[in-house]
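> Prediction below, plus the sequence it came from.
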Amino acid sequence: MNKNIATFYTLTITQILSLIGSSMTSLAFGIWLFTETGDSTPVLLASFFVMLPQALIGSFGGVIADRWPRRMVMFLSDTGQAAGTIFLLISFLSGSFQLWHLYAVAFIQGLLGMLQRPAMDASITLMVPDAHRDRANTLRQMSGPIAGIIAPVLTGFFYAIVGIVGIIFIDLATFMIAIVALWYVHIPEPPEHVSSGASQKAKPTFLQDAKVAFEFLWQTRVLLWLMVYAAALNFFLAGCINLATPYIMTLTGSEELLGILLGIMNLGMVAGGIVMFIWGGTRPRIHGIMGGLLFRAFWLMVYGIARTPFTLGLALFFLLSTNALVDGSVMSMMQLKVPPHLQGRVFALMFQMMFIATPLSLLVTGFAVDTIFEPAVGTPMWGFVAPLVGSEAGAGMGLFILLNGLCIFVLTLFVYLLPQIRHSEATIPDYVLQTNV
């Protein structure tokens, strides 16, 4: 096996282990906080503080990933996140834990995670040849779903035995595995990183570096509009996904069924990732991206009209099953078209657009469901949509999900019919590496 590909698999496997540990800690804190306070707000606020740095200054994480050696960026990110976890452990062991400790650590870990993702995604270009890149990105996309399946099981088992402190120790052990792996592997750098040490020219400022990424996207405008389109899709989808708990609980009235159905959704993502890993995706990739998004929109609409545990499970299994096909293909296409020395900045800008769309979606979703859709159930006008979504509690959320699925389907179909999008891979030149990796 090529040494760089072996490095990629080593990093990915150890990062998955670290992600499982981090997910276990998040779940354990959720259990502990809800048990202690009886309120879900502290848990939601912790998630908010994790997302906040990416939404506000995410593009600067890409600037750092492009200016500094990417191995060092990832190493410092993992080490810093581990330090935050150690701080929480000490505050628990000393009996001095306060909620602001959790929020501060969540913000710092979100800030450090903002550096790690663009550095790793940009490094894939130099570690994995294009022929294998779809499978490599698929494996990366499967990290979250794999952790989503394994972490709840392990947390449920270990929390009863060792409590939150024991879970934090497990998290630290997985962090250490990831940090040791980063210490020993070699991650190739783009030619611009290697040569910049020799030429002592004045370095551009952070703002100038960020502007270069936007200028590149403005010149290859199709990529910029694809990123705007992706952010719009995230706006329509994020609220619907985060409605899962109230929607399913309202329809089924069962916490056990909620856990099973959310597990089925993660299982669908893993199953789709396995198929993508074996298959490798479409050529041109745009057909797989758009086809996967149309498939997702269809099952989101089915999810909106589903009323039984069976139909909910069926819709949830397929809803995100094309996640690896869509996201993996998008990332492979970007890695082929964007010069390696710009990838950290371009990818970070893309992630920032997505993260801005998510909280906006959550705000709109909460307002629309609570003040418009659910109160409308049972009114005279509701008779027009009752044959589709019913008239019981939860029907308003179902209609909201159905309409968002329809918006995604229509928008995707419109974008797919544009010739400049369908032929984008042929019209945007590939970046050809000048060095042997």
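That came in fine, so what should we check first?

> ok, now which ones touch residue 17?
174, 177-178 (Cβ atoms under 8 Å, 6 or more residues apart in numbering). (Each C-beta comes from the backbone N, C-alpha and C, glycine too.)

> From residue 7, how far off is it?
16 Å (Cβ to Cβ, to the nearest Å).

> just residue 259 next, same as before
Distance from residue 259 to residue 7, by Cβ to Cβ: 37 Å.

> So those two - more neighbours on which side?
Just comparing residue 259 and residue 7: by other Cβ atoms under 10 Å the higher neighbour count belongs to residue 7, 21 against 13.

> I'd guessed the more buried one sits against residue 184; true?
No: between residue 7 and residue 184 there is no contact under Cβ atoms under 8 Å: 9.7 Å.

> Specify the residue ranges that define each domain of this structure.
Per automatic domain parsing, the domain ranges recorded for the chain read 1-187, 205-430.

> Flag whichever of those has the least confidence on average.
Sorting these by mean pLDDT places domain 1-187 lowest, at a mean of 89.

> At the geometric centre of this structure, which residue sits there?
With distances taken as Cα atoms, centre = their mean, the residue of the chain nearest its centroid is residue 144 (7.5 Å).

> follow-up on the earlier one: restricted to helices, list the contacts of residue 17.
174, 177-178 (DSSP state H).

> Identify, from those, the entry nearest to residue 234.
residue 178 (27.3 Å; Cβ to Cβ).

> Can you give me the distance of the residue nearest to that closest one when sequence neighbours are not counted to residue 81?
Of all residues not flanking residue 178 in the chain, residue 18 sits nearest, at 4.0 Å (Cβ to Cβ, 6 or more residues apart in numbering). Distance, residue 18 to residue 81, by Cβ to Cβ: 8 Å.

> and for the two, which residues touch both?
residue 175.

> what's the distance between the residue nearest to residue 183 when sequence neighbours are not counted and residue 46?
Nearest non-adjacent residue to residue 183, counting by Cβ to Cβ, 6+ apart: residue 75, 6.8 Å away. Counting by Cβ to Cβ, the gap from residue 75 to residue 46 is 25 Å.

> Can you tell me the number of residues neighbouring residue 28?
Look at residue 28: counted by other Cβ under 10 Å, it has 24 neighbours.

> For stretch 236-243, output the C-alpha coordinates as CSV.
The C-alpha coordinates for stretch 236-243 follow below in CSV (Å, rounded to 0.1, in the frame of the first residue of the first chain):
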residue,chain,number,x,y,z
PHE,A,236,-33.9,23.6,4.5
LEU,A,237,-32.6,20.3,6.0
ALA,A,238,-31.1,21.2,9.3
GLY,A,239,-34.3,22.3,11.0
CYS,A,240,-36.1,19.1,9.9
ILE,A,241,-33.4,16.9,11.2
ASN,A,242,-33.3,18.7,14.5
LEU,A,243,-37.1,18.3,14.8
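
> Touching it from outside, list them.
Residues from elsewhere that reach stretch 236-243 (Cβ under 8 Å, 6+ apart): 296, 300, 303-304, 357-358, 361-362, 364-366, 369, 397, 400-401, 404-405, 407-408, 411.
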